[in-house]
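In: The following comprises the amino acid sequence and a computationally predicted model.
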Amino acid sequence: MKLSSVLLILLTLTLSFSAHSKGVYQQPEDFISQAFNAPTPKSKVFWIDDEAQQVIEKILAHKFKKMRLRYWQQEAETVWILEEIGKESLITVGIHIKDQQIAQTKVLIYRESRGDEVRHDFFTDQFRSAKLRDDLQLDQHIDGITGATLSVRALTKLSRIALWLDNHVTKG
Amino acid sequence: MIHKHHHHRKQSLRTQITKQLRPWHRSLGIISALFILLIALSGMLINHSNHLSIDSAHVEQKWLLDYYGITPPAQIDIYQTSPLKLASSDNLIWVDNRLAVEADSSIKGILSLGRMLIAVDSNNLYMLSKEGELLEKQDASTGLPRGIERIGFDEQVWLNTASGSYMADADLIEWNNVQTFAPIDWSEPLTANSVVNERASIALQARSSHLTWERVLLDIHSGRFFGSLGPWFMDLVALALIIMSLSGIYIWQQQKPKKRKRKVRGPRFEDQEEH
């Protein structure tokens, strides 16, 4: 009896710890309105064409199944809410792009049990002013974080995808 | 002569210590052997948990789930059993017994529509492929109404919310607040009595999704698996291992100098001493 009650307490602690690390740092809606400094405008729809599919899969290095993406635009600024798996769970990232360079990359919802250091400004500030090179890489080096390698990789990939998409929709 | 005598006494003291140490070393070894094996084996498995897919293997043994105090989900709903099994347990969406989506709150309904599945919780809409892949998630930022209570279909997809009914366009992009005239076919779970087995299997899977074998191995390794005193007990085993390492080195060293001396003094002397 005592053993099981102790285990129950331990489990509760573990669960509450994991619940703690599953953080919602900002609602996507708030990120969008903050980026534009205005109420969230109506979302636009980007239908994934063959070219976009190829580029996204090349950047992600795995299959991409979505048929369309939502984004928000105001003149030369776009906001993208994208998701990618770090190790096991999805990381929801908001990316604000202004004049084809990143104004802000922010972790909005983090669901992994480890590696959430990527949510801090000291890390995401590295993406500021980053542009996309022709080889689909960022023109700035992003320093990794020990123990959060996969999350860092996910954020970098999503930033590259957002820059490409922004380029695609603002040009077209 | 004096020097020799002194040397002999020193030798006997060492032998005495070694004599005292040996039984301790032996009994500590025997007592802790089982736990050392447990620590070593679990440690090796944890080291390669990703490679061996232990980190993604879920525990399905009921007694172990009971032991961890993992309770069944509060609400289980089966929406369809064939051709695809569609179910929800609290905030989890199950497509053909595979966990498809972990929603933000409990699922209010699942629709099967053409080549897609559409599920809702109170503030989000999830569009899935029939394979259970999430194609799109809609929320207030994409124009989805809040406070969703039901999802239904009548030529278009409908949502019943706290603030009235909403109808989608054909692409499910925009939602318009519209008065309903005809009765809408709302998504309802199948009655519990008709899907007893399905409910039981979802209940087990939902429970098992909370516990991986890696977690169990980590708890065995640290001793936490054996209750609150477990980690302290494992500390004792570790202490025994430290003591045995030291006593082992001491005992070994006692034998090592003898061998060296034998080599220096030559084989004849060694033979004499031994007999």
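Out: That came through, no problem. Numbers count the residues shown, from 1 in each chain, chains lettered A, B, ... in the order given.

In: what does stretch B:231-243 rub up against?
Out: Contacts to stretch B:231-243, defined as C-beta atoms under 8 Å, 6 or more residues apart in numbering or on different chains, come from residues B:W24, B:L28, B:I31, B:S32, B:F35, B:I36, B:I39, B:H221, B:S222, B:G223, B:R224, B:F226. Bear in mind the C-beta positions are built from the backbone N, C-alpha and C, glycine included.

In: just those now: which is nearest chain A?
Out: Using C-beta to the nearest C-beta, B:R224 comes nearest to chain A of those, at 6.1 Å.

In: Tell me, how many residues neighbour the residue nearest to the closest one when sequence neighbours are not counted?
Out: Of all residues not flanking B:R224 in the chain, B:G230 sits nearest, at 5.4 Å (C-beta to C-beta, 6 or more residues apart in numbering or on different chains). For B:G230, the tally of surrounding residues (other C-beta atoms under 10 Å in any protein chain shown) stands at 19.

In: Quickly find the element holding B:I36.
Out: Here B:I36 sits within helix B:2-47, counting by DSSP states H and E.

In: Mind picking out the helix or strand in chain A with the poorest mean pLDDT?
Out: Sorting the helices and strands of chain A by mean pLDDT, DSSP states H and E puts helix A:2-21 at the bottom, at a mean of 53.

In: what's the following helix or strand after it?
Out: As assigned by DSSP H and E, the chain's next helix or strand after helix A:2-21 is strand A:23-24.

In: remind me, longest helix of chain A?
Out: When chain A is scanned for its longest helix (criterion: DSSP state H), the result is helix A:149-171.

In: pLDDT (mean, whole number) over that helix?
Out: Across helix A:149-171, pLDDT averages out at 93.

In: on that earlier part again, for the helix holding B:I36, name the packing helices and strands.
Out: helix B:213-222, helix B:230-265 (3 or more C-beta pairs under 8 Å, 6 or more residues apart in numbering or on different chains; DSSP states H and E).

In: Highest mean neighbour count out of those helices?
Out: Ranked by average neighbour count under the criterion mean count of other C-beta atoms under 10 Å in any protein chain shown, the helices and strands packed on helix B:2-47 are headed by helix B:213-222 at a mean of 19.

In: what angle separates it from helix B:2-47?
Out: Between the axes of helix B:213-222 and helix B:2-47, defined by axes from the mean of the first three to the mean of the last three C-alpha atoms, to 10 degrees, the angle is 160 degrees.

In: ranges for the helices of chain A?
Out: For chain A, the helices defined by DSSP H occupy A:2-21, A:28-36, A:50-60, A:121-124, A:149-171.

In: I'd like these as TSV, with distance to B:N91 and mean neighbour count appended.
Out: Conversion of the helices of chain A to TSV gives the following (distance: least, C-beta to C-beta, whole Å; neighbours: other C-beta atoms under 10 Å in any protein chain shown):
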stretch	distance to B:N91	mean neighbour count
helix A:2-21	13	13
helix A:28-36	18	19
helix A:50-60	26	15
helix A:121-124	28	15
helix A:149-171	23	20
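
In: got the residues of the stretch 151-275 of chain B near chain A?
Out: Taking C-beta under 8 Å from any C-beta of the partner chain as the test, the list of the stretch 151-275 of chain B residues beside chain A reads B:D171, B:I173, B:H210, B:R215, B:R224, B:F226, B:G227, B:S228.

In: again, only this time at 7 Å
Out: B:I173, B:R224, B:G227, B:S228 (C-beta under 7 Å from any C-beta of the partner chain).

In: And the strands in the stretch 51-200 of chain B?
Out: Secondary structure of the stretch 51-200 of chain B (DSSP state E, counting those that start in this stretch): strands at B:76-80, B:86-89, B:92-95, B:98-102, B:109-113, B:116-120, B:125-129, B:134-138, B:148-154, B:156-161, B:164-168, B:175-177, B:185-186.

In: Nearest the geometric middle of the chain, what residue?
Out: Using chain A. A:V93 (2.3 Å; C-alpha atoms, centre = their mean).

In: ah, no, chain B please
Out: B:T212 (2.1 Å).

In: How far does stretch B:115-134 stretch from one end to the other?
Out: The first and final residues of stretch B:115-134 sit 13 Å from each other (C-alpha to C-alpha, to the nearest Å).

In: do stretch B:189-199 as well
Out: 11 Å.

In: go on, stretch B:48-66?
Out: Note: stretch B:48-66 ends 27 Å apart using C-alpha to C-alpha.

In: how about the closest residue to B:L128 other than its chain neighbours, what does it touch?
Out: Counting by C-beta to C-beta, 6+ apart, B:L128 lies nearest to B:L117, which is 4.3 Å off, once chain neighbours are set aside. Remark: with contacts taken as C-beta atoms under 7 Å, 6 or more residues apart in numbering or on different chains, B:L117 is in contact with B:L86, B:V95, B:I110, B:L111, B:L128, B:K130.
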